[in-house]
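Enquirer: sequence? don't have it. structure:
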């Protein structure tokens with residue numbers, strides 16, 4: 001999975017964890033961003049030719065865009081259900097602190113809107129529950145989305161072991177980037193994958209962990225998968241890859257020029 005990518009971090013980790021898990025990454029960058037650049041024709045994201053009139057420029061438009069793009073249970077495949085709480089509070093988003101602990105804070109002013117959803121493959125036949133999440137973030141500009149991608153890489157290097165919430169840790173994290181045009185990656189301007197180990201105080205571990213994020217135009221889309229007893233890395237990859245691809249296709253459909 002990571003063979004053609006550029007590795008940016010690798011370190012050991014561990015711990016004793018639990019809970020829902022992160023749904024997005026923290027971003028720093030400037031406290032405000034200029035209005036989106038909608039003057040160009042073909043944008044730097046896959047084969048999308050964006051229609052400037054279809055790009056969200058207000059919070060209301062951004063929330064509507066998110067509703068049309070963000071994954072639902074069917075995006076991951078059969079047997080995936082909603083997990084409570086299903087949707088995050090749009091007034092908050094996760095931020096990775098200097099202590100490598102995730103916490104909820106107010107989104108930056110450079111963000112028009114963000115929302116995450118939580119899912120589960122229920123436990124069955126000796127296999128534990130797989131926890132999944134999806135998130136879509138709409139920035140005011142493409143630069144804001146690019147900052148989010150860059151700082152996501154920095155976070156893995158800074159915190160190879162992270163506490164998602166009380167009783168829940170990820171560690172042994174390895175992150176890799178794949179820009180558009182490299183390794184057959186044509187669906188986004190930039191893509192980032194992080195893999196590692198997940199430990200839960202209620203589910204045990206270590207189990208496979210994967211997080212994917214892609215940037216296109218002023219948008220980022222991300223999916224998270226946390227393994228469980230009896231679940232393979234291949235199962236986790238299939239679930240997250242399918243949902244990420246579905247969101248990128250929806251994103252393209254939502255903004256490209258109509259013939």
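Expert: Yep, that arrived. Keep in mind it's a predicted model, so treat the numbers as computed, not measured.
Enquirer: where along this structure do the strands fall?
Expert: Taking DSSP state E as the test, the strands found in the chain are 6-10, 81-87, 93-96, 102-105, 111-121, 130-139, 162-165, 168-179, 190-200, 204-216, 219-226.
Enquirer: which residues of the stretch 1-150 of the chain fall in helices?
Expert: With DSSP state H, counting those that start in this stretch, the ranges of helices along the stretch 1-150 of the chain come out as 59-69, 73-76, 142-158.
Enquirer: turn those into CSV, including mean neighbour count.
Expert: C-beta coordinates here come from the backbone N, C-alpha and C atoms, glycine included. Listed next are these as CSV, based on neighbours: other Cβ atoms under 10 Å:
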stretch, mean neighbour count
helix 59-69, 17
helix 73-76, 20
helix 142-158, 20
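Enquirer: need those in TSV (columns: mean pLDDT and distance to residue 254).
Expert: Listed next are those as TSV, based on pLDDT from 0 to 100; distance: least, Cβ to Cβ, whole Å:
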stretch	mean pLDDT	distance to residue 254
helix 59-69	97	5
helix 73-76	97	15
helix 142-158	91	15
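Enquirer: residue 102: which of these is closest?
Expert: helix 142-158 (10.0 Å; Cβ to Cβ).
Enquirer: chain center to the closest one: distance?
Expert: Centre-to-centre, helix 142-158 and its host chain are 12 Å apart (Cα atoms, centre = their mean, to the nearest Å).
Enquirer: now stretch 219-230
Expert: The chain centre lies 8 Å from the centre of stretch 219-230; the measure is Cα atoms, centre = their mean.
Enquirer: what's the span of stretch 86-103, first residue to last?
Expert: 18 Å (Cα to Cα, to the nearest Å).
Enquirer: what's in contact with it?
Expert: 22-26, 63, 104-107, 111, 113-118, 135, 137, 155, 158-159, 161-165 (Cβ atoms under 8 Å, 6 or more residues apart in numbering).
Enquirer: wouldn't residue 172 be in contact with residue 197 here?
Expert: Yes: in this structure, residue 172 is within contact of residue 197 by Cβ atoms under 8 Å, at 4.7 Å.
Enquirer: which one's more surrounded, these two?
Expert: Each of residue 172 and residue 197 has its neighbours counted (other Cβ atoms under 10 Å); residue 197 has more, 21 against 17.
Enquirer: which ones are touching the nearest residue to the more buried one once chain neighbours are set aside?
Expert: Leaving aside its sequence neighbours, residue 197 sits nearest to residue 206 (Cβ to Cβ, 6 or more residues apart in numbering; 3.7 Å). Counting by Cβ under 8 Å, 6+ apart, residue 206 makes contact with 14, 171, 172, 197, 198, 199.
Enquirer: kindly list the longest helix within this protein.
Expert: Counting by DSSP state H, the longest helix found in the chain is helix 233-255.
Enquirer: in it, what's buried?
Expert: Of all the residues in helix 233-255, those buried under the rule 16 or more other Cβ atoms under 10 Å are 235-237, 239-244, 246-248, 250-252, 254-255.
Enquirer: swap in stretch 82-93?
Expert: 83, 88, 93.
Enquirer: that one: end-to-end distance?
Expert: 19 Å.
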